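**Q** The sequence and its predicted three-dimensional model are supplied below.
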Amino acid sequence: MLFDRAFTISSVLLATTAFSGLVLVQSVPLWLALPTVIILIISLLRAEGKGIIRRAMARVTVSATLWNVLLICAFLILLIDLTLVSQDLLPAGIHFLVVLLDIKLLTLQQRHDYRHLYAISLMAILASAALTTDAWFIPIFLLYLLAAVWTLLLYHLTHETDDISPSITSSSTAAGHAAFPSGITRRFFWLTNGTALMTIALTLTIFFLIPRIGAGMFQKTSGETVRTTGFSDRVDLGTIGSVKQDPQIVMRVELPDQPAVQKDRLYLRGLAYDQYNGRSWNHSETRRRSLNSVDEGRVFLVRPTDLPPGSLSIPIRQDILLETLDTAVLFAAPFAERVSGEFLTVLTDTMGGLYLPSPPSSRIRYSVTSHVTRLAQDERTASTLVYPDFIRSHYLQVPEESQLVADLAQRVTQEATTPFGRVLAVHQHLLENYRYSLEGDTATLRHPLEEFLFTRKTGYCEHYATAMVVMLRTIGIPARLVTGFLATEWNEYGGYFTVRQRDAHAWVEVYFPSSGWIIMDPTPTTDTLVATNRWESVRHLGESVRLQWDRLFVRYSAKDQLAVVHGVRESRDALREQASHWGSLISAPIEKGFSGLVHVAHTFRPGMLELITGVVVVGLALLLLILRDRIGLWATTHLPTSHPQLAIAHLYTRMVRTVEKRGVRKPPSATANEFARTAISVAGGRHAMGTQQFGTDTLHLDMRSFNRVLHFDSGSGLVEVEAGIQWPELIQASLTMQAGAAKPWGIVQKQTGADRLSIGGGLSANIHGRGLRLKPFIGDIDSFRLVLADGQVVTCSRSEHSDLFRLAVGGYGLFGVVSSVTLRLMPRQKLQRVVELVQVDDVMERFEQRIAEGYLYGDCQFALDPASEDFLKRGIFSCYKPVDPTTPIPSRQREISEEQWLRLLYLAHADKTKAFEVYSREYLTTNGQIYWSDTHQLSYYPEGYHRSLDDKMKAGIPGSEMISELYVPRKELASFFADMREDFRTHKVEAIYGTIRLIERDEESFLAWAKEPWACTVLNLHVSHTPDGIERAAASFRRLIDLARKRGGSYFLTYHKWATRAQVEACYPQFPEFLRLKRRYDPHERFQSDWYRHYRIMFADYL
């Protein structure tokens, strides 16, 4: 492209960039913007040399007089705009500037016209800079600077070529063009771009070095005020809901000194309230006092009057950038101890609220050091607490019409024996029995709290927090309501929390005499674990850029300059060493750069060299660096293995394809980082009655394709298998590998309810079978390989990583992915089945007799018809004893067919007495039959049987079975069954299946369920799929646990999530420590499930 055409194009682009800045600040009205856009397009087409446009413009001639008249008219319009329309100099001046820009674009003929255009463009870009503080100005300014460098350089080059005498000969002209190129070459292109980059770098350097002497004349010092709700002296119940869907940013919070602090949520305390009149919250004391200041008035010390000494712990520092709000409240993580900022004074009230004297007129930045209070251990178990008079007088007030709430509080806490237990009971009741919803406005109701608790049972944070405070006060526990923000949006690029209007929140502070105020949040957690998509990540990046723009450019001050100077001074030795290192690296390219510069200089006239020599020296050095990078890029394109980045990209693609073949699919919208951070849930056979292996919105790892036998040691009886292999596959593989062996090996035990259970799943649940003298599955495990959250693969056994061995067995997939398992086998042998009818009261005696006689396996299925005399009293008792290995197994033995199983399932629902009679008769006919010790453990499980069963029974409401597993000391089994018989008849519990098994004590797994030799009762209870039906099932489940506990027993933890916290703590006192160890080995919670999330919330105060 010739210099002349390039010069005209760059001049128009310079004007276009400056005009774009004015448009983006919305300072150009539409009636003026549209003509300007058309004129810019026409000017650009003319500069491109389009024949039609050029010829049309050549025909248009306007005299100087006419243009002067137009300028006078424009000036008159400016006066009218200034006095009558805008009534402001800046917008009126901008409108006049755009008119001048249009006129000058249409009259670009002489060189002075271009100089006028440059001056107008400069004023336009300055005006847009004065009118905005947004980060979008960065690309506009950089484009303007790039266009300016090109335009000014081409302006001087075209000026030099115009000075060449037209009288020189053609040969001389040819020689001159050879010495001085008239077009843009590749070398010139990169040279100019390098100059532009150096200009930008020089501009930034000057910006940061020039002292800040004050604000500009037109600089905007304040933005639009954000209107907040919930931070006045009075808060009506239901007002916060109005902003819960507003995404407007109110503050950003950095945690500079807490790299280990969890980034999932942060409470930012605003105000606390102590008086509730039935519809709104108020302050009983409105007086405020000034905080004591130190460090020349920059740091203010906060001393809450109602916090006991010694109750503060765990300091957290926050750097907060607060937007312009309509409230004077300062927000901080509870509880603030020190506040620092550019404040004249800071006020506080008796409940720890922080205030400025008046709402700020612009953004403010301040730092806070807070200490989070933790509940003392002795107050967790204390049966009574003595509260100070001040606390009792301020934080036990309730409205007069609160009897219904008081009655509810009494019912909810009647089983709790400590104040802390009562607090947890109220907290758990609100979490589990009410639904979070922003629908429905209660602000106008006469009794909004009662409406929430007893009628609607839906609400948002204010309703939950108010309900908990009032309920606790009615039972004599001091509490207060707090409003603020709950920050959950972590910006991974900027390293800060983004807090929006919709994060406005209310929670509860409960008082304990030794510990102080403890945060309790009864509001159910909404969906916080959804993986962010690509656009969310881009939005976070954009917000981080805007924040850095505001910090480094818009609000860069003399104080910031001094901080930079001090930092440079402190690290000058390191900088000197680094500079020396850089010098040695770039010395060779610089030497080449000088030789290239000399070559370029000889191609230009001496007059031009005087103009651009200083810029070209640095620009050419940068050019050589860029060319070197391009050479490296070429090498990566043609030699894929020679460039680390390309090799990494190639490896990543292969990895994604490999894991997709293994069942893990990457969402199309997920970046590599998001894909790597997605929470993972793991499953093999997907047979778990408690659904403990599934997680909402997790990356689900399907282990079914990991089903190979890796190694078999016929001498020791150890077999290593991939974790996804299921029991029938393992048994069949074992038989195939040992075909013809004289003394083959077989499995010890498997979960008997269904065959579709993987070995990894059996390990994670620590299953058990029908063994009469066997421990849970951990006893059959020699070792396993575990993929941890950080990608490390470790071997876990009793001697290697024994802590993880104890945790992962029965750890429900929360500590990593089990990739392979080494099992201990037992010699395969033949067994004889012995079947008889027994009384449940005598079954333990019969079990002991069978064990003494050498029997290996056995169980007892009991009658389940409440109308029958045999209900939970009589059962079919079958056991298996070893026989001589030479005993033949008849080719045709009696067995229950698939059709008979389906008929038994139907009878179990329709006629339970007949079902027991048919089942007993069929089983008695198999007495004396011979089986192999491994294959006899296989069972039949009809998939989806309940759907066809519902159709057959014409059930109007679909249903299914709920498995429950209860443990009692063996001597207490008869008493437990008597209790269960009475409970089932009283509450009309419908049981479909029931069996009794034995289990030996597990002394190895951390979360052991077999804490002593138990008698194990397995029940399948029918559940109707209605809210009432599910609630009845949950209640039955909890009653069964209480019945087992009454007899000194326990229950299997993972069957459902209906147990109360008290039941979990009683049966599994080590469970809080289990959750803490989960966080220790998986600090980012990569392995999750809905089951884990439920208990994480339940035991949040322990974590």
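**A** Arrived safely, thanks for sending.
**Q** check contacts around the closest residue to residue 149 other than its chain neighbours.
**A** Excluding the flanking residues, the one nearest residue 149 by CB to CB, 6 or more residues apart in numbering is residue 196, at 4.1 Å. C-beta here means a position set from N, CA and C on the backbone, and glycine is covered the same way. With contact taken as CB atoms under 8 Å, 6 or more residues apart in numbering, residue 196 is in contact with 145-146, 149-150.
**Q** Burial check on residue 1031, number of neighbours?
**A** By other CB atoms under 10 Å, the residues close to residue 1031 number 12.
**Q** go on, residue 940?
**A** Using other CB under 10 Å, residue 940 is surrounded by 13 other residues.
**Q** Tell me both backbone torsions, phi and psi, for it.
**A** Backbone geometry at residue 940, expressed as degrees, to the nearest 10, gives phi -110, psi 130.
**Q** So it versus residue 10, what's the distance?
**A** According to CB to CB, to the nearest Å, residue 940 stands 82 Å off from residue 10.
**Q** related to what we said a few turns ago, export the contacts of residue 196 to CSV and tack on distance to residue 415 and neighbour count?
**A** Rendered in CSV, the data for the contacts of residue 196 read as follows (distance: CB to CB, whole Å; neighbours: other CB atoms under 10 Å):
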residue, distance to residue 415, neighbour count
145, 73, 18
146, 74, 21
149, 78, 23
150, 80, 23
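**Q** Show me which of these is closest to residue 252.
**A** residue 145 (28.9 Å; CB to CB).
**Q** Count residues in the vicinity of the residue lying closest to the closest one once chain neighbours are set aside, would you?
**A** Distances taken as CB to CB, 6+ apart put residue 200 closest to residue 145, at 5.6 Å, once the chain neighbours are dropped. Residue 200: 15 surrounding residues under other CB under 10 Å.
**Q** Show me what counts as buried in the helix or strand residue 200 falls within.
**A** Residue 200 belongs to helix 186-209 when assigned by DSSP states H and E. Within helix 186-209, the residues that count as buried by 16 or more other CB atoms under 10 Å are 188, 190-199.
**Q** need those residues in CSV with distance to residue 715 and pLDDT, can you?
**A** Output for the buried residues of helix 186-209, formatted as CSV (distance: CB to CB, whole Å; pLDDT from 0 to 100):
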residue, distance to residue 715, pLDDT
188, 80, 71
190, 73, 77
191, 77, 76
192, 79, 75
193, 73, 77
194, 73, 79
195, 78, 78
196, 76, 75
197, 72, 82
198, 75, 82
199, 78, 77
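**Q** quick one: which of those is nearest to residue 470?
**A** Residue 470 lies nearest to residue 197 out of the buried residues of helix 186-209, by CB to CB, at 65.1 Å.
**Q** measure the closest one to residue 147 for me?
**A** From residue 197 to residue 147 the distance is 14 Å (CB to CB).
**Q** ok, residue 1012 - contacts?
**A** Going by CB under 8 Å, 6+ apart, residue 1012 touches 969, 1001.
**Q** any idea which element it lies in?
**A** Counting by DSSP H and E, residue 1012 is part of no helix or strand.
**Q** heads up, I number from 288, so please use that
**A** Okay, using 288 as the starting number, the last item reads as residue 1299.
**Q** May I have the beta-bridge partners of residue 1070?
**A** residue 1084, residue 1109 (DSSP bridges).
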